[in-house]
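Chemist: Could you work out the structure for the sequence below:
(one chain, ligands or ions: 2)
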Amino acid sequence: MLELTTPVQYVKGIGPRLAEILATKGIVTVGDLLNYLPFRYEDRMNPRGIAELRAGEMATVIGEVRNSGLFRTRRMPIFQLTVGQGRSRLKCLWFNATYLQDKFKPGQLIALYGKVEQDSRSGELQIIQPQFEMLGDSSGDGADDKAATSLEVGRIVPIYESAGQGRVTARWFRRVIRTALDDLTPDLAEAIPAVVRGRLALVSPREALWKVHWPEAGESFEDLQSSRTPAHIRLIFEELFFIELGLELKRRQQKTQTGIAFRLDDHARQAIKKILPFHPTAAQKRVLKEIADDMQQPYPMRRLLQGDVGSGKTIIGFQAAIIAIENGYQVALMAPTEILAQQHYFSARQILENAGYRIVLLTGSLEADRKREIRRHIAQGNAQLVIGTHALLEEKVEFARPGLVIVDEQHRFGVLQRLKLMKKSGESADPSASSGQALTNPAEPDVLVMTATPIPRTLALTLYGDLDLSVLDELPPGRTPIVTRRIADDRSSEVWDFLRKQVAKGHQAYVVYPVIAENEETELKAAIKMYRELSGKVFADLKVGLLHGRLDSELKDQVMRMFQKGELQILVATTVIEVGVDVPNATVMVIEHAERFGLAQLHQLRGRIGRGAAKSYCILMTGGKVTEEGERRLDAMVRTNDGFQIAELDLELRGPGEFFGTRQAGMPNFRVANLIRDRQLLELAKREAATVMAGPNSEVTQVEISRALVALRTRWQHTYGLVEVG
Ligand code: ADP
Ligand code: MG
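Modeler: Residues are numbered from 1 along each chain as shown. Ligands and ions are numbered 1, 2, ... in the order given. Okay, the predicted model is just below:
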């Protein structure tokens, strides 16, 4: 009998070599194999008669090979196959397919799947490049063939993605999965508590596994193709449920750790109010209260503050900092880039220094002497607010009394970095890890992560599922929506005229390019060259600056500061400005080769304008060919300013793995779930996981909870390789 945890080698028909190939697909155990779901199904119950086919339909045809051959045209070799059913015949073509030569023998039974088309010359129906599968081939012994054939015709047949460069075919998977199901232990443990199963009407694990691979005759074909049969839903929900259960467990464990219970007395309240340069929005007030409530708890805060660009997160970060500082603790504020760290430093000094707080900036590019001095200030507890880049993480910075870590991650930090940060602050609280400070401060500091990426809820639930969530869903008053237009770059002179008019009104503008320097291979306009052209010719009478990633940081800083002070009217830049830079007087953003940028990036860039009361304009210039996906991105930008809508579309276009720019963003690899398709199930899973962990109570017993936690541990270790739980 096979268990779900049995290694796949123990399934009949899988030797060590095949097991190795399967491992490359992440299939190690019987459970993995059975969760390798068909990516589509073919209805071979009622295969189509060739005579009834219609042009334009997708069809499965089962027929006999009549003849086949390769013929060469001037442009390429074409392989042609004719299959027949009685007297009807159907022609199939494959281009450039010399490898198909000699593959088919007359009389063989074959299943074909593809789009039926009408040959424009002969008027005959044909299928071009169909997927195909040989049925009951003559290799192997006869009995086995018969059994296998019965799996392949006269029913709905599962189609699997092949593996090992085609060495492991769909057909092979079908047989082996069937064998595994036949030999599977009849009593599969059920780890989802009964009340949850009842609410979602989940079928048993055994039924789910059988039916997802071998659907019964009455099953809706549409539900099968869209992974919405009860069998699919059971398996998908199960996967999501255990992910959410793990995250919920982590959140609960964090709440049992020792943190700092900051006090929010009248003095601190006054201090927070005093620094405000404006009336906070209702959303800002609500979020600050959520944060302040957390900070007063005896366990460490782990909170994500999500707010679109320009929603006013910075001031909230500063207010939280004041609470910690007024309690005698130090605060670290980390930004993803030096420019942004400098920007925070700049605003912190404007807002906090008058109130007497001591602020330092620590970035990687400082001279060694200076760094050492600043580190000493931090270690001695003189510096109250420490602003920096990753340097704060990477170099050994010791705080005398660390109380709060604020991570302004925009969308640059991934989850992995976040975990690293938390570990490090954990380490520094470990008496064996560092000098003395642990004795004075054994508690974990609070952590506030601020993100400008309006992460779609679905992703936030998994990526940040172990954090509590606050959302700033209101922009400060007086903003007029940004007008976004798309213009072909042969009309650039009109764009420059427009830009000149805005500057004449006293405003400033950004002009952004996708690349820094010219390069023979591309015809993309580069920032350096265009800077020369714009500053030398087009805007020779205006003050134009240049900003890109290869400038040394002192120069970058200087340019940014000049732009901030209005000493530059036009800033030619690369995407280095995409993060956080705040110049409310800038009202125009021209993005050249806008088709080259990702959607999230365009939105971040656009977020640099529209920060003041004056009307702002974003001009997307396109040169050259725009792909279909590019069109959808540009179209979305013109249509909406809503970061959440844009993020949803971005997620759809790029898929969760690419969403954060890198694959290593800490996304678990799902076996059967798909975050886009299954977002509703994910929400349900999160809710159910929370109710289960709230037990035991009249709904869930202690035994059920323990059983779920045991299942959880096996899953997280084996399948997701995520941080260990429990
Ligand atoms: P982000 O959320 O992108 O970090 P910022 O904190 O930089 O946004 O705020 C964007 C701009 O809005 C800044 O110029 C800031 O001073 C201003 N701002 C923030 N909150 C308010 C408010 N309640 N009223 C007026 N202006 C505000
Ligand atoms: Mg910001």
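
Chemist: Please work out which residue of the stretch 151-300 of the chain is closest to ligand 1.
Modeler: The minimum distance from the stretch 151-300 of the chain to ligand 1, using CB to the nearest ligand atom, falls at Phe278 (3.7 Å). C-betas here are computed from N, CA, C, even on glycine.

Chemist: How about the residues of this structure by ligand 1?
Modeler: 278-281, 284, 307, 309-315, 452, 476, 582, 584, 611 (CB under 6 Å from any ligand atom).

Chemist: From those, list the buried ones, please.
Modeler: 280-281, 284, 307, 309-315, 452, 476, 582, 584, 611 (16 or more other CB atoms under 10 Å).

Chemist: Could you list which of those residues also contact ligand 2?
Modeler: With CB under 5 Å from the ion as the criterion, these include Thr314 near ligand 2.

Chemist: Tell me which of the buried ones among the residues of the chain next to ligand 1 fall in strands.
Modeler: Cross-referencing these against strands under DSSP state E gives Gly307.

Chemist: So which of the residues of the chain next to ligand 1 are in helices?
Modeler: In this view, the residues of the chain next to ligand 1 that belong to helices under DSSP state H are 284, 313-315.

Chemist: among those residues, which two are most distant?
Modeler: Gln284 and Thr314 (10.6 Å; CB to CB).

Chemist: okay, now the domains of this protein?
Modeler: The chain resolves into domains spanning 47-153, 188-247+678-721, 266-472, 483-640 when parsed by automatic domain parsing.

Chemist: Now render the ones you listed as a markdown table, adding mean pLDDT.
Modeler: Putting the domains of the chain into a markdown table (pLDDT from 0 to 100) gives the following:
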| stretch | mean pLDDT |
| --- | --- |
| domain 47-153 | 83 |
| domain 188-247+678-721 | 90 |
| domain 266-472 | 81 |
| domain 483-640 | 88 |
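
Chemist: Need the contact partners of the longest strand anywhere in the chain.
Modeler: Assignment by DSSP E gives strand 58-72 as the longest strand of the chain. Contact with strand 58-72 is made by 42-44, 47-48, 50, 53, 77-85, 89-90, 97-98, 100-101, 103-116, 127, 135, 153, as judged by CB atoms under 8 Å, 6 or more residues apart in numbering.

Chemist: who does it pair up with?
Modeler: Applying DSSP bridges to the sheet, strand 58-72 is found paired with strand 77-85 (antiparallel), strand 109-118 (antiparallel).

Chemist: Stretch 697-705: which residues count as buried?
Modeler: Quick answer for stretch 697-705 (16+ other CB under 10 Å): 699-700, 704-705.

Chemist: swap in stretch 557-574?
Modeler: Using 16+ other CB under 10 Å as the test for burial, stretch 557-574 gives 557, 559-560, 563-564, 568-574.

Chemist: Show the end-to-end separation of that stretch, please.
Modeler: In stretch 557-574, first residue to last residue: 15 Å (CA to CA, to the nearest Å).

Chemist: Distance from it to the middle of the chain?
Modeler: Centre-to-centre, stretch 557-574 and its host chain are 33 Å apart (CA atoms, centre = their mean, to the nearest Å).

Chemist: same deal with stretch 21-38?
Modeler: Worked out by CA atoms, centre = their mean, stretch 21-38 lies 24 Å from the chain centre.

Chemist: what's the answer for stretch 322-331, then?
Modeler: Its chain's C-alpha centre and that of stretch 322-331 lie 34 Å apart, by CA atoms, centre = their mean.

Chemist: mind listing the helices for the stretch 601-726 of the chain?
Modeler: Secondary structure of the stretch 601-726 of the chain (DSSP state H, counting those that start in this stretch): helices located at 628-639, 643-659, 679-693, 702-715.

Chemist: Now do the longest one: which elements does it pack against?
Modeler: Spelled out, that is helix 643-659. Applying 3 or more CB pairs under 8 Å, 6 or more residues apart in numbering; DSSP states H and E, we find helix 643-659 packed against helix 457-463, helix 599-606, helix 628-639.

Chemist: what angle sits between the last one and helix 643-659?
Modeler: What that stands for is helix 628-639. Calculated by axes from the mean of the first three to the mean of the last three CA atoms, to 10 degrees, helix 628-639 forms an angle of 150 degrees with helix 643-659.

Chemist: neighbouring contacts of helix 628-639?
Modeler: Taking CB under 8 Å, 6+ apart as the rule, helix 628-639 contacts 484-486, 594-595, 597-599, 602-603, 606, 618, 620, 622, 626, 645-646, 649, 653.

Chemist: are any of those buried, and which?
Modeler: Buried members of the contacts of helix 628-639, scored by 16+ other CB under 10 Å, are 484, 486, 594-595, 597-599, 602-603, 606, 618, 620, 622, 626, 646, 649, 653.

Chemist: Tell me the spacing between Gln126 and ligand 2.
Modeler: Computed with CB to the ion, to the nearest Å, the distance linking Gln126 and ligand 2 is 59 Å.

Chemist: Same question for Gln343.
Modeler: With CB to the ion as the criterion, Gln343 and ligand 2 are 8 Å apart.

Chemist: Could you count how many residues lie near that residue?
Modeler: By other CB atoms under 10 Å, 24 other residues sit near Gln343.

Chemist: Please enumerate the strands of the stretch 251-400 of the chain.
Modeler: 302-307, 330-334, 359-362, 385-388 (DSSP state E, counting those that start in this stretch).

Chemist: again with the stretch 451-600 of the chain
Modeler: Using DSSP E, counting those that start in this stretch, the strands found in the stretch 451-600 of the chain span residues 468-472, 483-488, 508-512, 544-547, 570-573, 586-591.

Chemist: possible to save those as CSV with distance to ligand 2?
Modeler: CSV is the format used below for these (distance: least, CB to the ion, whole Å):
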stretch, distance to ligand 2
strand 468-472, 11
strand 483-488, 21
strand 508-512, 17
strand 544-547, 18
strand 570-573, 17
strand 586-591, 15
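
Chemist: To Leu709, which of those lies closest?
Modeler: Of all the strands of the stretch 451-600 of the chain, strand 468-472 sits nearest to Leu709, with 21.7 Å by CB to CB.

Chemist: and that closest one with strand 302-307, angle?
Modeler: Using the same axes, to 10 degrees: strand 468-472 against strand 302-307 is 20 degrees.

Chemist: what comes up buried for strand 468-472?
Modeler: 468, 470-472.

Chemist: Please apply the same query to stretch 39-50.
Modeler: Buried, per 16+ other CB under 10 Å, within stretch 39-50: 41-44, 47-48, 50.

Chemist: Centre of the chain to that stretch, how far?
Modeler: With CA atoms, centre = their mean, you get 36 Å for stretch 39-50.

Chemist: Okay, now that stretch: how far is its last residue from its first?
Modeler: 25 Å.

Chemist: Stretch 100-114 too?
Modeler: Using CA to CA, one end of stretch 100-114 lies 17 Å from the other.

Chemist: Please point out which parts of it sit buried.
Modeler: Buried residues in stretch 100-114, counted by 16+ other CB under 10 Å: 100, 104, 108-114.

Chemist: And stretch 126-138, by the same measure?
Modeler: 126-127, 130, 132-136.

Chemist: and which of the residues you listed is nearest Trp172?
Modeler: Glu133 (11.0 Å).

Chemist: Out of the helices of the stretch 601-726 of the chain, which is closest to Glu353?
Modeler: helix 643-659 (31.5 Å).

Chemist: Distance from the chain centre to that closest one, please.
Modeler: Centre-to-centre, helix 643-659 and its host chain are 7 Å apart (CA atoms, centre = their mean).

Chemist: CA atoms only: put that helix into CSV for me.
Modeler: What follows is helix 643-659, C-alpha atoms only, in CSV (Å, rounded to 0.1, in the frame of the first residue of the first chain):
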residue,chain,number,x,y,z
GLY,A,643,-2.8,51.7,-7.9
PHE,A,644,-4.8,48.7,-6.8
GLN,A,645,-6.5,48.3,-10.2
ILE,A,646,-3.1,48.6,-11.8
ALA,A,647,-1.5,46.1,-9.5
GLU,A,648,-4.3,43.6,-10.2
LEU,A,649,-3.8,43.9,-13.9
ASP,A,650,0.0,43.7,-13.5
LEU,A,651,-0.4,40.5,-11.5
GLU,A,652,-2.5,39.1,-14.2
LEU,A,653,-0.1,40.1,-17.0
ARG,A,654,3.0,38.9,-15.3
GLY,A,655,1.9,36.2,-13.0
PRO,A,656,2.8,36.1,-9.3
GLY,A,657,6.3,34.8,-9.8
GLU,A,658,7.4,37.8,-11.8
PHE,A,659,5.2,40.3,-10.0
